[in-house]
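Asks: Here is a sequence with its predicted model. Questions after.
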Amino acid sequence: MPKLAPSPRLDTVIEASHLTKSYGSKKAVDDLSFSVRPGMVTGFLGPNGAGKSTTMRLLLDLDAATGGSATINGKRYRDHKAPLQEVGALLEAKAIHQGRTARNHLRALAATHGISRKRVDEVIGIVGLESVASKRAGGFSLGMGQRLGIASALLGDPHTLLLDEPVNGLDPEGVLWIRNLLKALAAEGRTVFVSSHLMSEMAVTAEHLIVIGKGKLIADTTVAELTANAGVSHVHVSAADNTSLREALTRDGVTVTDADDGFDVVGVDAAGIGEIALARGIALTQLTTQKATLEEAFMSVTRDAVDYHGSAQ
């Protein structure tokens, strides 16, 4: 892979301070404050309609805030003299000139900032579009459009990246590629801020999380802390005599649910289950603490911030 950049500054940061955006009586973003630091991938999570895309647009001065402020590297986005070289953004991958080739699209962007054609070829290589660089972007698949959008974000070799749903439309190889790319960019000391609805991907890509709901901040924490504090872990257990063990575990405050080759227990930890089994002379064949997944933790902390709930059939 071509080299992504020289050593970035270590003071790059995204800062939202009491950020508010109203549309009539509805607040899409409501007194939202957070910071995004360099050197790690920060995930931006929230249910549909939480205000993620609006927040991204406010950070990039594409919408005017009703209140509060948003700065990137100490300035509003529009106050940067060469914004492409400060901030790389992907909000809508297909928001490109459909009649231009991928290479010409990037060259047109590069010309606005005095970026060399050599750099255009470098980012085409980074995102893996060499074989289609001379094809018109209007014929690109969603995944190819995402790669071109990411190439545009990387074009100015920026210290800060804001990417909205970058894995949309990518196949499994593409998802792995963007995961490794984001981690590599963050490892270079860049500020990487990524919104996504794919919890499984954020669990293995992000270190820090900003979670919002109904425009308000819900959590500003690490992935590990969010899952540890979700309160939805359980113990999976099976025994030589599952019936006797279930009877021994049945008590106030303990929930026992049937599962494959045994059952899941909430309300008593693995050590407690082991002691109960030992006292009853029941041989255990499996005893495993199952921590909450990021998806489970996310569902737990955003439960009251979801506007629309489906019902099981």
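Replies: That came through, no problem.

Asks: So the residue nearest to the spatial centre of the chain versus residue 302, what's the distance?
Replies: Closest residue to the average C-alpha location of the chain: residue 43 at 3.4 Å, with C-alpha atoms, centre = their mean. To residue 302, residue 43 is 13 Å away according to C-beta to C-beta, to the nearest Å. Backbone N, C-alpha and C define where each C-beta goes, glycine included.

Asks: The residue nearest to the centre of the chain: what's it in contact with?
Replies: 194-196, 202, 205-206, 208-210, 223 (C-beta atoms under 8 Å, 6 or more residues apart in numbering).

Asks: can you give me how far the helix or strand where it lies is from the chain middle?
Replies: Using DSSP states H and E, residue 43 sits within strand 40-45. Distance of strand 40-45 from its chain centroid, counting by C-alpha atoms, centre = their mean, to the nearest Å, is 5 Å.

Asks: list the buried ones in the longest helix anywhere in the chain?
Replies: For the chain, the helix with the greatest residue count under DSSP state H is helix 172-187. Using 16 or more other C-beta atoms under 10 Å as the test for burial, helix 172-187 gives 174-175, 177-179, 181-183, 185-186.

Asks: which stretches of the stretch 151-300 of the chain form helices?
Replies: Secondary structure of the stretch 151-300 of the chain (DSSP state H, counting those that start in this stretch): helices at 172-187, 199-205, 223-228, 242-249, 270-280, 294-301.

Asks: so of those, which one's packed in deepest?
Replies: Of the helices of the stretch 151-300 of the chain, the one with the most neighbours on average (mean count of other C-beta atoms under 10 Å) is helix 294-301, at a mean of 20.

Asks: Show me the contact partners of that one.
Replies: Taking C-beta under 8 Å, 6+ apart as the rule, helix 294-301 contacts 45, 199-200, 202-203, 211, 218-219, 223, 226-227, 229-232, 292.

Asks: circling back: from the contacts of residue 43, list just the buried residues.
Replies: Buried subset of these (neighbour count, 16+ other C-beta under 10 Å): 194-196, 202, 205-206, 208-210, 223.

Asks: hang on, the earlier thing: distance check, the residue nearest to the centre of the chain against residue 269.
Replies: Counting by C-beta to C-beta, the gap from residue 43 to residue 269 is 29 Å.

Asks: Need the contact partners of the longest helix of the chain.
Replies: Here helix 172-187 makes contact (C-beta under 8 Å, 6+ apart) with 4, 38-41, 126, 128, 143, 146-147, 150, 161, 163, 166-167, 170, 192, 194, 201, 204-205, 207.

Asks: Leaving out the residues flanking it, which one is nearest to residue 280?
Replies: residue 248 (5.1 Å; C-beta to C-beta, 6 or more residues apart in numbering).

Asks: Appreciated, that's everything.
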